[in-house]
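1. I need the structure of the sequence given here:
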Amino acid sequence: MSDSILVIGGAGYIGSHVVQTFLKANYRVTVFDNLSSGQEINLFKQARFIPGDIQNREQLKELFTEKFDAVIHLAALKAAGESMEIPEQYAYQNINGTMNLLEAVSLSQTRIVVFSSSAAVYGMPNYLPLDENHPVDPINFYGFTKYEVERFLGWYDRLKGIKFASLRYFNAAGYDPGGEILGLEIAPANLIPVVMETAAGIRAEMSVFGDDYPTPDGTGIRDYIHVSDLARAHLLAYQKIQNTAQSLILNLGTGKGHSVLEIISMAERITGRKLNYTVTKRREGDPAELYTGLKVARETLGWEPEFSDLESLVKTTWQVYQHPFNRK
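-> This next block holds a predicted model:
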């Protein structure tokens, strides 16, 4: 019988792609989600769905009376700017929610956690590419919550024998190339969905925050990783821990970046539409460039991005925005 995997937040944008990846690899998957940002359309009929909330400790204890071989933890608030305005909500959801989950895991037979972390733990880059040895110094409260959870996981490894993978994402983007996942993110804050909303007419215009950076076209450069590539890394991380019984921390990106204007230009080419944008001042705390290297993920997991070229990132996203379900 195949292993049983619990995906916390499995109805969300990244979570649904993770569920899809494990299902395709013939695992048994259970999704636990409160649908606050996840959507029913993102659920797969092959996966069992249990509605619930990581803030409900009794629900979690009941959930873990069943044996899961691993839990994939993706339930978190994730807007860096918002975290600076309402830190108490980010502390409650991201830290308190994870502590509730670790309590339930500790009392269960589950001993593997794959955690959705973030490159936000690093803060401003001291050098590029930004690797796993870079100092950790978050500059927003969101990044702080992710790093605090990593520290808790380190202690639970030492004290309880719970092995973990902390996957520090760069910028997740794109959609399932096969077109199975259709749920758009609710109130997206990331660049590519904002570009798509502008192209689709959902937004009248968008802002470009600064065009005077020391980059080739003056706009900020970021590392964008296709969500399906990201999802595959979760599967490989689980398999790695299963085989080695060792925890791991690694970055997930492509090793290169794309500028804001490059993305707008690609979107105009793929959509055939001219985008309305206004250049405004830089946002405080935004570095000119931010990208990682592939060395650790490649050597540890044998992982290589497959769909993370800029054309695939934009094209797979536009396909979902143009789907009849999202044009009602």
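2. hang on, isn't G143 packed against A80?
-> Yes: if you go by C-beta atoms under 8 Å, G143 and A80 touch, sitting 7.0 Å apart. (Each C-beta comes from the backbone N, C-alpha and C, glycine too.)
3. More neighbours: which of the two?
-> G143 (22 against 18; other C-beta atoms under 10 Å).
4. For the more buried one, give me phi and psi.
-> With angles defined as degrees, to the nearest 10, G143 sits at phi -60, psi -40.
5. Touching both of G143 and A80, which residues are there?
-> Contact with both G143 and A80 is made by residues A120, according to C-beta atoms under 8 Å, 6 or more residues apart in numbering.
6. And the lowest-mean-pLDDT helix or strand in the chain, what does it pack against?
-> In the chain, no helix or strand scores lower on mean pLDDT, DSSP states H and E than helix 80-85, which sits at a mean of 92. Helices and strands touching helix 80-85, by 3 or more C-beta pairs under 8 Å, 6 or more residues apart in numbering; DSSP states H and E, are helix 141-160.
7. So N26: helix, strand or coil?
-> With DSSP: H, G, I helix; E, B strand; the rest coil as the basis, N26 sits in coil.
8. what about it, distance to D3?
-> Remark: distance between N26 and D3 (C-beta to C-beta, to the nearest Å) = 9 Å.
9. Which one of the two is surrounded by more residues?
-> D3 (17 against 8).
10. Please enumerate the strands of this structure.
-> 4-8, 28-33, 48-51, 70-73, 112-118, 163-169, 171-173, 206-209, 221-222, 224-226, 248-252, 258-259, 277-280, 289-290 (DSSP state E).
11. Specify the angle between the fifth one and strand 4-8 in degrees.
-> So that's strand 112-118. Per axes from the mean of the first three to the mean of the last three C-alpha atoms, to 10 degrees, the angle that strand 112-118 makes with strand 4-8 is 30 degrees.
12. average model confidence for strand 112-118?
-> On average, the pLDDT along strand 112-118 is 98.
13. now do the fourth one
-> Here the mean pLDDT over strand 70-73 is 98, rounded to a whole number.
14. That one - contacts with which helices or strands?
-> For strand 70-73, the packing partners by 3+ C-beta pairs under 8 Å, 6+ apart are strand 4-8, helix 13-24, helix 97-106, strand 112-118, helix 227-244.
15. can you put those in a markdown table and add mean neighbour count and distance to G302?
-> Below are the helices and strands packed on strand 70-73 laid out as a markdown table (neighbours: other C-beta atoms under 10 Å; distance: least, C-beta to C-beta, whole Å):
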| stretch | mean neighbour count | distance to G302 |
| --- | --- | --- |
| strand 4-8 | 25 | 20 |
| helix 13-24 | 24 | 15 |
| helix 97-106 | 20 | 27 |
| strand 112-118 | 25 | 16 |
| helix 227-244 | 21 | 7 |
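16. Can you add distance to N326 and give these back as a markdown table?
-> Output for the helices and strands packed on strand 70-73, formatted as a markdown table (distance: least, C-beta to C-beta, whole Å):
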| stretch | distance to N326 |
| --- | --- |
| strand 4-8 | 23 |
| helix 13-24 | 13 |
| helix 97-106 | 29 |
| strand 112-118 | 25 |
| helix 227-244 | 17 |
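17. which one of these lies closest to E306?
-> helix 227-244 (5.7 Å; C-beta to C-beta).
18. Against which helices or strands is that closest one packed?
-> Using 3+ C-beta pairs under 8 Å, 6+ apart as the contact test, the elements touching helix 227-244 are helix 13-24, strand 70-73, strand 112-118, strand 163-169, strand 171-173, strand 248-252, helix 295-301.
19. Among those, single out whichever gets nearest to E185.
-> E185 sits nearest to helix 13-24 of all these, at 5.0 Å, using C-beta to C-beta.
20. quick one on the thing from earlier: which one of the helices and strands packed on strand 70-73 lies closest to I50?
-> Closest to I50 of the helices and strands packed on strand 70-73, according to C-beta to C-beta: strand 4-8, at 8.9 Å.
21. residues touching the residue nearest to E262 when sequence neighbours are not counted, list them.
-> Nearest residue to E262 in three dimensions, chain neighbours excluded: L310, at 6.8 Å (C-beta to C-beta, 6 or more residues apart in numbering). The neighbourhood of L310, defined by C-beta under 8 Å, 6+ apart, consists of 224, 258, 262-263, 266.
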